[in-house]
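K.L.:
Have a look at this fold, sequence not included:
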Ligand SMILES: O=P(O)(O)OC[C@H]1O[C@H](OP(=O)(O)OP(=O)(O)O)[C@H](O)[C@@H]1O
Ligand SMILES: O=c1cc[nH]c(=O)[nH]1
Ligand SMILES: [Mg+2]
């Protein structure tokens, strides 16, 4: 398996434990996903290039760093990935937002596309794809396929909980991306749900079940 980053920070692990709890309600669940995305973003964006610019403080002029180069695009995989957008937007308010709509077939577990709209042009941007769950990896691979078909090159993928199978499938298909996961769980069950996982992230974020 190619390299990937697991977020070991205790704040992230603590919040993931609260996400897992079946008694955590929709409002708290949504707030936790947002906070985890922000904490993960802080780490995942630590290699953003900077350039020095001249700023005049009330005291004097100085050269001081600002984010340089590529503009950021955040691309959530609908629906559940939407829950991670606001946390990242808080860090980089100028980021453009694309959307990829995918749902998993309940029988085959294969992804089906129903929407794709990306910032244009996409080729020079740093693209951060968000989806809290990386299970079989089918949705993640399809999303990165779409982004590359549209010209995207510099791609980071952020997932809160991942199964080993999903990590392996995604990095085998796209070894050039940078993958950040909050926690690697044990396995998938017969319905391709992550165990112990947190259930259906989309339903828990939007209160649909
Ligand atoms: O790795 P995979 O096996 O493809 O599974 C992961 C996908 O499943 C979930 O989406 P779901 O199909 O439930 O759609 P939703 O976000 O609209 O609930 C999740 O948010 C991922 O997109
Ligand atoms: O455990 C899982 C697997 C796929 N999608 C989810 O929301 N949860
Ligand atoms: Mg779902």
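P.N.:
Now that the structure is in, tell me what you want to look at. These numbers come from a predicted model, not from an experiment. Ligands and ions are numbered 1, 2, ... in the order given.
K.L.:
who's in contact with residue 28?
P.N.:
residue 18 (C-beta atoms under 8 Å, 6 or more residues apart in numbering). Every C-beta, even on glycine, is put in place using the N, C-alpha and C of the backbone.
K.L.:
Model confidence for it, exactly?
P.N.:
Looking at residue 28, its pLDDT stands at 98.
K.L.:
Can you say which helix or strand has it in it?
P.N.:
helix 26-44 (DSSP states H and E).
K.L.:
List the neighbouring strands of whichever helix or strand comes after that helix plus their orientation.
P.N.:
Counting by DSSP H and E, the next helix or strand C-terminal to helix 26-44 is strand 50-56. Each strand paired with strand 50-56, and its direction, by DSSP bridges: strand 61-67 (antiparallel).
K.L.:
Next, work out how far apart the residue nearest in space to the middle of the chain and residue 54 are.
P.N.:
Nearest residue to the geometric centre of the chain (C-alpha atoms, centre = their mean): residue 130, 2.4 Å. Using C-beta to C-beta, to the nearest Å, one obtains 35 Å as the distance from residue 130 to residue 54.
K.L.:
do residue 185 as well
P.N.:
48 Å.
K.L.:
quick one: which of those two has more around it?
P.N.:
With neighbours defined as other C-beta atoms under 10 Å, residue 185 and residue 54 compare such that residue 185 has more, 21 against 8.
K.L.:
Now do residue 184, the pLDDT please.
P.N.:
Reported pLDDT for residue 184: 98.
K.L.:
The helix or strand hosting residue 77 near ligand 2 at all?
P.N.:
According to DSSP H and E, residue 77 maps onto strand 72-78. No: using C-beta under 6 Å from any ligand atom, we find that strand 72-78 stays clear of ligand 2, coming within 10.4 Å at best.
K.L.:
which residues are in contact with that strand?
P.N.:
45, 48, 81-85, 88-89, 92, 94-102, 114-115, 118-119, 122, 125-131, 139-140, 143, 147, 152.
K.L.:
That one - which strands sit beside it in the sheet, and in what orientation?
P.N.:
Looking at strand 72-78 with DSSP bridges, its partner strands are strand 96-97 (parallel), strand 99-104 (parallel), strand 126-130 (parallel).
K.L.:
avg pLDDT for it?
P.N.:
pLDDT averaged over strand 72-78 gives 97.
K.L.:
That one: which residues count as buried?
P.N.:
Across strand 72-78, burial judged by 16 or more other C-beta atoms under 10 Å covers 72-78.
K.L.:
Please list which of those residues are also close to ligand 1.
P.N.:
Checking the buried residues of strand 72-78 against ligand 1 by C-beta under 6 Å from any ligand atom, the ones in range are 77-78.
K.L.:
any chance of the buried residues of strand 72-78 in CSV, plus distance to residue 62?
P.N.:
Listed next are these as CSV, based on distance: C-beta to C-beta, whole Å:
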residue, distance to residue 62
72, 26
73, 31
74, 31
75, 36
76, 37
77, 42
78, 44
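K.L.:
Between all of the buried residues of strand 72-78, which two are separated the most?
P.N.:
72 and 78 (19.1 Å; C-beta to C-beta).
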